[in-house]
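> could you look at this predicted model? Sequence included:
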Amino acid sequence: MSKQEQPPSATEEEADEERAIGPVTTGSESVIRALENAGVEAAFGVQGGAIMPVYDALYHSDIRHITMAHEQGAAHAADAFSVVRNEPGVCLATSGPGATNLVTGIADANMDSDGLVALTGQVPADMVGSDAFQETDTTGVTAPITKHNYFADDPDSVGDTVGEAIALADEGRPGPTLVDLPKDVTLGETDAEPGPATPPETTQPQYVADEADVREAADAIEAAERPLLLFGGGVIKADATDEARSFAREYEIPVVTTMPGIGSFPEDDDLCLSWAGMHGTGYANMAITHTDLLIAVGTRFDDRLTGGIDTFAPEAEVIHIDIDPAEISKNVHADYPLIGDAGIVLDQLDDAIGRAPEAESWREQCLTWQDEYPMDYATPDDEPLKPQFVVEVLDEATADDTIVTTGVGQHQMWAAQYWTFSEPRTWVSSHGLGTMGYGLPAAVGARIAADDDQQVVCIDGDGSFLMTIQALSVAVREDLDITVAVLNNEYIGMVRQWQDAFFEGRRMAAEYNWCPEFDMLAEAFGARGFRVDDYDEVADTVEKALSYDGPSVIDFHIDPAENVYPMVPSGGANGKFALTEDQL
Amino acid sequence: MSSDDFKVTDDSDEDLPKHGLKGPSPDERPHPEGRRNSQGIRIDPEAEAEHEPRRAVISALVEDDPGVLSRVSGLFSRRQFNIESLTVGPTTVENHSRITLVVEEPEPGIDQVEKQLAKLKPVIAVGELDADAVRTELVLLKVEGDEPDKVHAVTEMYDGQTLDAGPKTITVQLTGDEQEIDDAIDAFRQFGIIEIARTGYTALARGNQATVPGEKPGTADEPTRPTNAQ
Ligand SMILES: Cc1ncc(C[n+]2csc(CCOP(=O)(O)OP(=O)(O)O)c2C)c(N)n1
């Protein structure tokens, strides 16, 4: 029941009053009070039997609830909310199928270190273990993909448990937490008001790096001839983009980012070499290959970034700044480990460095690589529409702070390559898990989190879009101003690219030429739909879709043969990126 | 529409660059000499330096949260750490347990085991025990009961105890370090071993040393200050 349908007796004022002064009487109310105490403004979820008491308590709360069409979307939306706001997003689901539907989204948030709190209903505690209706061992299923999860077994402490889960999700290296809420606990009587959200005592991170270690790293930076900064997603999560930017500029050290680190440093800055890795720029990968001192901040050295470890930054000593000690030397050995908060440690380093490294010729070398391997694509008039062109037009037509969400595949790579990002928290994508279907529900979450005048664009693939297309109904119902650009190649294109390159062109199960007409489908959902086949329609249609005040979908029929380059073959050397299929 | 329509290998538009990208091809580019080993350590290309696996005894003080054991064991299977044994039992502090683990990993792996364990919320503190730590294992052995006198003699020899003796079987208990236990088991083989139950190591640091960082020997009942933050 929506707020508009409230029984006439319960006016908004009465509801407010009840909330403001009403003491907690049930476990559910305590759960909601904990969310309110933590400043939670929005939650994404789907109703169901075991979670109904929690929803009932939400009825009188000011927390905005967005009913999703699928729990996977609820988790992705909450995840995107957290990326944009830099605070944990909240999602709700019922027991059993509701909880298992969250799993992909939780795993996604876990890989990308996004703060997320999942509240799941559970069968009454005394029925747990009996294979009751809609029972799943939710804490068991989600243990490997959460920072920590809780089985709440007491109405008196459930509020504090939820508070702890929120605080833990946000603390140090962020990540997902989950609280499983048995129905008897949420229905149970209690007058225990939850206290402020506090993380568990056993998990306090170290924010300030050891001074002696900082000193050594500072010496290494002063002496470096070919220093390179590598900014990962951790820079953004630590809210350290100011420190990162001024550090790079003060010491004139070239910057590459990881894909999750996109937006940490303006991509149009002279020092920026854009992002490195499998489909990163040639110049970023050349710089990684030739640097003698890699100053890595907030990255976990994912294999899509490093390629083969034996050939990764083969000449470089590594300074690794990270808040999570377990990331140090997990994949790439750190010669100078600095455990702490990215912003604080960069400031510490700044204080410790006496003189900038002498790296004039290295900077020039990096510029040469930019000329040698520019990001470009062929756009002959008679060819079918190139996806890179679409991305560039979208970028030009939107403001600098526009949020871009994506699915997973070639379109994601083109978006990352051809959109020029300059602000943190404007690139919202599924990196570590690579979840197709992330884009649209993420756009919903980003829209709720974003400023009113900020634009939200989802660049999707036809395959990815189909995976969570039901979230369009949410965008329409909630009247969310989102523009979805589907780069439709009637393929699951990234798979086709690999099949052509590594499976002798056997395109097994990669064709999507039974794709629906996405423009018509959008209209059927109640959104605006457009279709574009030619270059000359692009700008115009983009303009129309962006100016439409509500959800719109543009179905761009792009060159189905277009592939993503440069490419470092899986496990290969970063410096040996291929520019064409022949070079693979 | 068939897949042939989109053959990327199609040569018909040979005159067009497939992509606007240029620059030397992969093999023409300069490539540095340096390299790393499989553990990400920068090495001399000549001298391949890999760490050999070694055995480490690790002690973890944990809160008795529900599921703590499955969280710990789950960590080991999901991160593919090579675990030899795991014992668990209560300590002097209410709601605290000690888990003793034996792992066989190269040095960086042992480091990861400790750090990943420390990340788990119920884990209060983790530490590797020195080589001189007090460590012992318990084993129960059930052997054929045909030669009770001989069994008894071997049991005495290994300072064991007979827990159960019947006409058909004899069950003995032995404790000691791994080597002693292995030797004892070998000695009992002559009688025909029917069943074995081994616990794996449990261990404490020697003397006045703390078993895990932050533990204060001699101040039982005092909760250890969490040190997993490092
Ligand atoms: C949930 C999920 N299933 C399968 C994959 C494997 N996969 C990676 S990219 C890709 C193709 C994506 O196709 P599409 O969304 O149309 O994007 P395109 O590559 O064509 O731009 C597939 C199937 C995945 N990443 N996620």
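Happy to help now that I have it. What you see is a predicted model, and the numbers here were worked out from it, not measured in a lab.
> so where's the chain shaky on pLDDT?
Picking chain A for this. A:1-21 (pLDDT under 70).
> can you look at chain B instead?
Scanning chain B for pLDDT under 70 picks out the ranges B:1-21, B:45-48, B:217-222, B:227-230.
> got the contact list for the residue sitting nearest the centre point of it?
Nearest to the mean C-alpha position of chain B, counting by Cα atoms, centre = their mean, stands B:Val103 at 2.3 Å. Taking Cβ atoms under 8 Å, 6 or more residues apart in numbering or on different chains as the criterion, B:Val103 is in contact with B:55-56, B:58, B:81-84, B:109-110, B:113. Every residue, glycine included, has its C-beta placed from N, CA and C.
> counting neighbours, which of the residues you listed comes out on top?
Among the contacts of B:Val103, B:Val113 has the most neighbours (other Cβ atoms under 10 Å in any protein chain shown), with 25 neighbours.
> in a helix, A:Glu358, correct?
No: if the criterion is DSSP: H, G, I helix; E, B strand; the rest coil, then A:Glu358 is coil and not within a helix.
> starting at the chain centroid, how far to the strand or helix carrying A:Ser274?
A:Ser274 belongs to strand A:272-275 when elements are defined using DSSP states H and E. Chain-centre distance of strand A:272-275: 19 Å, with Cα atoms, centre = their mean, to the nearest Å.
> ok so, going back, wasn't the residue nearest to the centre of chain B part of a strand?
Yes: the assignment for B:Val103 by three-state DSSP puts it in a strand.
> ok, what's across the strand from it?
B:Ala56, B:Ile83 (DSSP bridges).
> check the gap between it and A:Ala416 for me.
Remark: distance between B:Val103 and A:Ala416 (Cβ to Cβ, to the nearest Å) = 39 Å.
> which residue packs closest to residue 211, ignoring adjacent ones?
Answering for chain A, as no chain was given. Nearest residue to A:Glu211, sequence neighbours excluded (Cβ to Cβ, 6 or more residues apart in numbering or on different chains): A:Gln348, at 7.4 Å.
> not quite, go with chain B.
Closest residue in space to B:Thr211, ignoring its immediate chain neighbours: B:Ala205 at 4.3 Å, by Cβ to Cβ, 6+ apart.
> again with B:Ile193
B:Ile193 sits nearest to B:Val143 (Cβ to Cβ, 6+ apart), 5.4 Å away.
> close to the ligand: what parts of the stretch 401-550 of chain A are there?
Along the stretch 401-550 of chain A, the residues adjacent to the ligand under the rule Cβ under 6 Å from any ligand atom are A:407-411, A:434-436, A:461-464, A:487, A:489, A:491-495.
> change it to 5 Å
Contact residues, the stretch 401-550 of chain A versus the ligand (Cβ under 5 Å from any ligand atom): A:407-411, A:434, A:436, A:461-464, A:489, A:492-495.
> surely A:Leu228 touches A:Val256?
Yes: judged on Cβ atoms under 8 Å, A:Leu228 makes contact with A:Val256 at a distance of 6.4 Å.
> who has more neighbours, the two?
A:Val256 (30 against 26).
> what's in contact with the helix or strand hosting that one?
Assessed by DSSP H and E, A:Val256 sits inside strand A:255-257. Around strand A:255-257, the neighbours that count as contacts under Cβ under 8 Å, 6+ apart are A:228-232, A:248, A:264-265, A:269, A:271-276, A:280, A:284, A:287-288.
> tell me where the stretch 1-150 of chain A has helices.
Listed in chain order, the helices found in the stretch 1-150 of chain A under DSSP state H, counting those that start in this stretch are A:12-21, A:27-37, A:52-58, A:71-85, A:97-111, A:138-142.
> please identify the deepest-packed of the ones you listed.
Comparing these by mean neighbour count (mean count of other Cβ atoms under 10 Å in any protein chain shown), helix A:71-85 ranks first with a mean of 31.
> now do that helix and helix A:97-111, the angle between them.
Here helix A:71-85 runs at an angle of 30 degrees relative to helix A:97-111 (axes from the mean of the first three to the mean of the last three Cα atoms, to 10 degrees).
> helix A:71-85 - contacts with which helices or strands?
strand A:42-45, strand A:89-93, helix A:97-111, strand A:116-122, strand A:427-428, helix A:439-449, helix A:471-477 (3 or more Cβ pairs under 8 Å, 6 or more residues apart in numbering or on different chains; DSSP states H and E).
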